[in-house]
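*Asks:* Let me see the structure of the following:
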Amino acid sequence: MKTQFFASLVFLFFLGSAITIQAQGWTVSKTISDDFTQFTADNLENVYTLRKHELKKFRPDGTLWLRFSNISLGDISFVDVTNPLKILVFYKDFSRIQFLDNMLAERSAVIQLQQLGFDQAVAVCTSFDNGFWLFDQLNFELVRFNQDFVQTQDIKNLNQILGYEFIPNFITEHNNWVYMNVPEKGILVFDIYGTYFKTIPITGLPDFQVDGDLVYYLQAGKSMAYNMKTLQTSTLELADTVLKFCIVRGRIFSQADADKKIIKLWSKP
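*Replies:* Here you go, the predicted model:
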């Protein structure tokens, strides 16, 4: 696989690995209203919403720009916009991956993971140099492909290495580390070669976001930040209940209302 504000906002802002509480000055500069089940934002501050088989892209000013849909591939399970020029779209039910360009046009043919030998791929993500990672449940196998779809890393039997069986629901790569979310165990951390390094003991997560030394996540209705260097956990004291958020270039995109489906962009003048 993922992962990662409101009126009277108290925002936990970071500079390097330092964390400072900023209590004033953050305001809502944009809002996006749409019918979606998931959303994310890229490093250019474009916002993407997802519902069933349709992916939409909104400009930084909040206006709808582009749409993508391929009904024949089924419903979209996950979208990784780490590289906005090569967007990864994962169709878990059919074990397929589609790469799109910045105009949401198909960059290549659909990748059928079963034809590559992976019958139970449950999580994928973008990797460095335009590659991608996948985790296959059948052999508890973490695999990386390069931009030419050539397999470069393959770590099998992770259940034996770790001493337990697991099903991850989210994977992301950041600064040459791979983070795999296993809700019952925590966040498993691997190096860029797929070698297991450690487990961050945060459980029960649907997803998360890694930015610098910090892991941002939601837990028990609270927005949290975990510092991987100091091992300290901080609560982002927010005025509203957060359903989903992501942080891009020091700005916050958040969803606070499940019914209105409004994404807010918070910024500081």
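*Asks:* Thought residue 88 was touching residue 77, still the case?
*Replies:* No. Judged on CB atoms under 8 Å, residue 77 makes no contact with residue 88 at a distance of 11.1 Å. (Each C-beta comes from the backbone N, C-alpha and C, glycine too.)
*Asks:* Mind checking which of these two has more residues around it?
*Replies:* Remark: of residue 77 and residue 88, residue 88 carries more neighbours, 22 against 18, as counted by other CB atoms under 10 Å.
*Asks:* For the more buried one, list each beta-bridge partner.
*Replies:* Beta-bridge partners for residue 88, by DSSP bridges, are residue 80, residue 99.
*Asks:* can you tell me which residues contact it?
*Replies:* Contacts for residue 88 (CB atoms under 8 Å, 6 or more residues apart in numbering) come out as 78, 79, 80, 82, 97, 98, 99, 124, 125, 126, 132.
*Asks:* for the stretch 151-269 of the chain, what are the low-confidence residue spans?
*Replies:* 236-241, 268-269 (pLDDT under 70).
*Asks:* Would you map the helices across it?
*Replies:* 158-162 (DSSP state H, counting those that start in this stretch).
*Asks:* all strands for it, in order.
*Replies:* Secondary structure of the stretch 151-269 of the chain (DSSP state E, counting those that start in this stretch): strands at 151-155, 170-174, 177-182, 186-191, 196-200, 209-211, 214-219, 222-227, 233-236, 244-248, 251-255, 262-267.
*Asks:* could those strands go into TSV alongside mean neighbour count and distance to residue 34?
*Replies:* Shown next, in TSV, are the strands of the stretch 151-269 of the chain (neighbours: other CB atoms under 10 Å; distance: least, CB to CB, whole Å):
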stretch	mean neighbour count	distance to residue 34
strand 151-155	15	37
strand 170-174	23	22
strand 177-182	22	26
strand 186-191	19	29
strand 196-200	14	32
strand 209-211	20	21
strand 214-219	21	20
strand 222-227	19	22
strand 233-236	16	24
strand 244-248	22	13
strand 251-255	22	10
strand 262-267	19	7
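*Asks:* I'd like to know which of those strands lies nearest to residue 56.
*Replies:* Among these, strand 262-267 comes nearest to residue 56, with 11.2 Å by CB to CB.
*Asks:* helices and strands around that closest one, which ones?
*Replies:* strand 27-33, strand 47-51, strand 251-255 (3 or more CB pairs under 8 Å, 6 or more residues apart in numbering; DSSP states H and E).
*Asks:* Among these, which comes closest to residue 62?
*Replies:* strand 27-33 (4.3 Å).
*Asks:* Quick check: what element follows the closest one along the chain?
*Replies:* strand 38-41 (DSSP states H and E).
*Asks:* Measure how far that next one is from the centre of its chain, please.
*Replies:* Relative to its chain's centre, strand 38-41 lies at 8 Å (CA atoms, centre = their mean, to the nearest Å).
*Asks:* With stretch 46-61 instead?
*Replies:* Distance, stretch centre to chain centre, for stretch 46-61: 14 Å (CA atoms, centre = their mean).
*Asks:* What does the residue lying closest to residue 206 once chain neighbours are set aside show for phi and psi?
*Replies:* Among residues not flanking residue 206 along the chain, residue 169 sits closest, at 6.9 Å (CB to CB, 6 or more residues apart in numbering). Per-residue torsions, residue 169: phi -120, psi 0 (degrees, to the nearest 10).
*Asks:* got the contact list for residue 169?
*Replies:* Here residue 169 is in contact with 1, 122, 123, 181, 182, 183, 206, 207 (CB under 8 Å, 6+ apart).
*Asks:* ok, back up a step: okay if I get the helices and strands packed on strand 262-267 as a markdown table plus distance to residue 229?
*Replies:* Shown next, in a markdown table, are the helices and strands packed on strand 262-267 (distance: least, CB to CB, whole Å):
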| stretch | distance to residue 229 |
| --- | --- |
| strand 27-33 | 31 |
| strand 47-51 | 30 |
| strand 251-255 | 22 |
